[in-house]
Every structure is written in structure tokens, then in C-alpha cells.
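# Fold the following, please.
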Amino acid sequence: MGSDPEVVIPSGISKVGDQALTCNRTVKRVVVPEGVRFIGANAFSSCVYLEEIVLPSTIESIGAEAFKGCRSLKRLTIPEGVASIEERTFLRCVQLEELRLPDSLTVIKNDAFRGCESLTSLVVPSGVRDIPKKAFDGCVNLEAVQLPANLETIEDEAFLKCAKLSSLDIPATVGWIGRRCFMGCTALESVVVPEGVASIEEETFRGCVALTSVKLPQGLQVVDHRAFYGCEQLADCEMPPGVEFLSEEIF
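Numbers count the residues shown, from 1 in each chain. Prediction:
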């Protein structure tokens, strides 16, 4: 198995163990058979020449960093039944162009898609309530993300340096947008901040040089340090009357 370009996991097992093929430098294709329910942490991490992995419909759980550093992996479909994308699952999968997430998904954890430089679009399933820290950090070619209608939070640096993200419909249910969430989104042109958001956090939109319009909620209370710093084209951004704290160097 160690030197084969194709690996077929034996049938009759229920789990691909932690670090099963980690750092394998020859494998290009992996077939996981029906009946396997669990993929362990780091199972395929740093398999730098892995181009294709076939997952069975029986998969229920995929461990943290399972595909981290699989820099040749181009597309993957996560089967229905998987409820969580763990920490750093696809970290630095730099050629990953197409990723399909299951409707069963309810949780995405920190750094899940960080550094997926070739990913251009993604549909986040309706059961997800939180976009975690650095989820899409460094996804420099990400142009479109469909967020679920009942999303509640977008955490710190979630879309940091998504340089091609020109628009994003933030659901009205969102009540928290974290620090540096859209910092360096140099193609972002307009944003409507939902009414439930009370604070624009530190450097949230810093360096969004194409941003021309931001609609702020009437219940806004705080605009923190350098929230819109470097937004050179911003011409339409009216502060609501109830704002209680404006930090230094907002613009």
C-alpha cells in the first residue's frame, strides 16, 4: 500500500484510522468502500499527490485535518449523514475547485477551508448556524458563497483575504460579525449589515478598497477601531443615530 498510486481500503472495516495514510507521497487515488462509517483525524493529511478520493454513502464522521495539505485534490463530495466539518479538514487544499457539502451538515469548525486557493464557490447547507473563525481565510479565488437563511454568527476572520468575493448576502438572522471578518476582501463592493448586529468590530472591513456602499443597522451601538480603514471608495455609509461609541481611525 505504501508505494501504490491507487489504494483501495479493504472491505469489512468500519473506520479508516487516525493518520492512516498521512504524508504518503505516492498515492493518487483512494477508494473507501461501503460500510466504512468513520474517517480518522489526519487520515489522509499531507498526501500531496492525492487527486481523487471516493467516499461511501455510509460515512458518518470525518476527523480533524483529515485532508489537510492534500494540495493535488481537486474535487470532493461529502456524503449525506455527515453532520460536522472538523477543524482544518481542508486546510491548504490549494487545488480544491469543487466541494459539495451534505444537507445533513450542521457544524463547521475553525479553519475548515482555510487556504483553499482554487475554490470559487460554495453552498453552505441550511442547518449550519455559525461560520467559524478563519473558515475561508485565504480563499483568494472565492467568488460566491451561499449562506443559510437562518445563519446566526460569522466569526473572526471568516472571510479574511477573500480577494475575489465581490458580493455576499448576509442573512437577516445574523446577530454577530467578528473582527477582521472581511478584511482584505478587495473586490467587495456593497454590504447590508443585518438589523440584529449591534457592533462593527475591529478592522471588519479594513482594506476593502472596492467597497462603495454599506448599509448599517438602526440598532448599531459600536463602531470599533479601523472598521472601514482603507476603504478608499466608500461613499455611502450613514451612521445610525443610536451609535454610542465611535473608535479612532474608523475610516
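# Sketch out the low-pLDDT regions of the stretch 1-150 of the chain for me.
Counting by pLDDT under 70, the stretch 1-150 of the chain contains low-confidence residues at 1-3.
# Please enumerate the strands of it.
6-8, 15-16, 29-31, 38-39, 52-54, 61-62, 75-77, 84-85, 98-100, 107-108, 121-123, 130-131, 144-146 (DSSP state E, counting those that start in this stretch).
# Check which strands are paired with the fourth one and give the direction for each one.
Looking back up the chat, that one is strand 38-39. strand 15-16 (parallel), strand 61-62 (parallel) (DSSP bridges).
# So which residues make contact with the last one?
Put plainly, it is strand 61-62. Outside strand 61-62, the residues that touch it by CB atoms under 8 Å, 6 or more residues apart in numbering are Arg37, Phe38, Ile39, Ile78, Val82, Ala83, Ser84, Ile85, Glu86, Thr89. Yep, even glycine has a C-beta here, placed from its N, CA and C like the rest.
# Just among these, which is most surrounded?
Of all the contacts of strand 61-62, Ile39 has the most neighbours under the rule other CB atoms under 10 Å, reaching 27 neighbours.
# Can you tell me how far the closest residue to that one other than its chain neighbours is from Ile177?
Nearest in space to Ile39, with sequence neighbours left out and distances taken as CB to CB, 6 or more residues apart in numbering, is Ile62 at 4.5 Å. Distance of Ile62 to Ile177, given as CB to CB, to the nearest Å: 28 Å.
# now do Gly207
Per CB to CB, Gly207 is found 16 Å from Ile177.
# And Gly242, how close does it get to Trp176?
Applying CB to CB to Gly242 and Trp176 gives a distance of 18 Å.
# Have a look at these two and say which one is more surrounded.
Per other CB under 10 Å, whichever of Gly242 and Trp176 has more neighbours is Trp176, with 16 against 11.
# got the phi/psi numbers for that one?
For Trp176, the backbone dihedrals are phi -150, psi 130 (criterion: degrees, to the nearest 10).
# partner residues bridging the nearest residue to it once chain neighbours are set aside?
Computed as CB to CB, 6+ apart, the closest residue to Trp176 that is not its neighbour in sequence is Thr153, at 4.4 Å. Counting by DSSP bridges, Thr153 forms beta bridges with Asp130, Trp176.
# Next, count neighbours for Thr153.
15.
# So for it, what's the pLDDT?
We have a pLDDT of 98 for Thr153.
# Quick check: it touching Val128?
No. Using CB atoms under 8 Å, Thr153 makes no contact with Val128, being 10.4 Å away.
# residue boundaries of the strands in the stretch 151-251 of the chain?
In the stretch 151-251 of the chain, the segments counted as strands under DSSP E, counting those that start in this stretch are 153-154, 176-177, 190-192, 199-200, 213-215, 222-223, 245-246.
# The third one - contacts with which helices or strands?
Other helices and strands packing on strand 190-192, by 3 or more CB pairs under 8 Å, 6 or more residues apart in numbering; DSSP states H and E, are strand 213-215.
# Check the fourth one too.
Other elements packing on strand 199-200 under the criterion 3+ CB pairs under 8 Å, 6+ apart are strand 222-223.
# Just checking: what are the partner strands of the strand it packs on?
Per DSSP bridges, strand 222-223 is paired in its sheet with strand 199-200 (parallel), strand 245-246 (parallel).
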